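Chemist: coords please:
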Amino acid sequence: MKSIFTLFAVALVLNSYSVKADDMDIVVQSLCDYAKTDNRSQLRKKIKQTRLQLNNVYGGIVCGADGNFPGGSLLKMATFHGALDAVKYIASQISSSAITSPEADGVTILDWSKALIAKDPSKAASVQPIIDYYEGKE
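Modeler: This next block holds a predicted model:
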């Protein structure tokens, strides 16, 4: 009888864990969407609602590929879409070393942004102000 109770308790814990993981996927997707659309107020609201410390989880947030965006960090999503207000908010919530250090792909956000303009000059008008902001953070 005791082993059945233990098995039930473990199943309950695992089930609640998977719900939380699913919820986190939804939160990450929302954050990526808000970064893409330059919706600073919704970014702020979602982070506050979920009690996330963006500085602690930033490295684990990966936005999926979307159209021409190949996928990457929250800052890369915002930068790719020229979302300056979102970039400023995200940057204010993470450590400055997260901006100046290479990300998971081995490239800093500043170098990635410059390469983005080199690859697609039509993005210069929307991405150059973000590059200027990143250079001011160094």
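
Chemist: In this protein, where is pLDDT below threshold?
Modeler: Along the chain, the parts satisfying pLDDT under 70 run over 1-21.

Chemist: center of it, which residue is that?
Modeler: Leu74 (2.5 Å; C-alpha atoms, centre = their mean).

Chemist: Thought Lys36 was touching that residue, still the case?
Modeler: No - with contacts counted by C-beta atoms under 8 Å, Leu74 stays clear of Lys36, the gap being 9.7 Å. C-beta here means a position set from N, CA and C on the backbone, and glycine is covered the same way.

Chemist: Need the overlap of contacts for the two.
Modeler: Cys63 (C-beta atoms under 8 Å, 6 or more residues apart in numbering).

Chemist: now the residue nearest to the centre of the chain: how far from Ala118?
Modeler: 22 Å (C-beta to C-beta, to the nearest Å).

Chemist: do Gln93 as well
Modeler: According to C-beta to C-beta, Gln93 stands 28 Å off from Ala118.

Chemist: And the two? Which one has more around it.
Modeler: Taking neighbours as other C-beta atoms under 10 Å, Gln93 and Ala118 compare with Gln93 leading, 17 against 10.

Chemist: any idea how far Gln53 is from the more buried one?
Modeler: Note on Gln93: its distance to Gln53, by C-beta to C-beta, is 8 Å.

Chemist: just Tyr134 next, same as before
Modeler: If you go by C-beta to C-beta, the gap between Tyr134 and Gln53 works out to 22 Å.

Chemist: what's the answer for Glu135, then?
Modeler: If you measure Glu135 against Gln53 using C-beta to C-beta, the figure is 26 Å.
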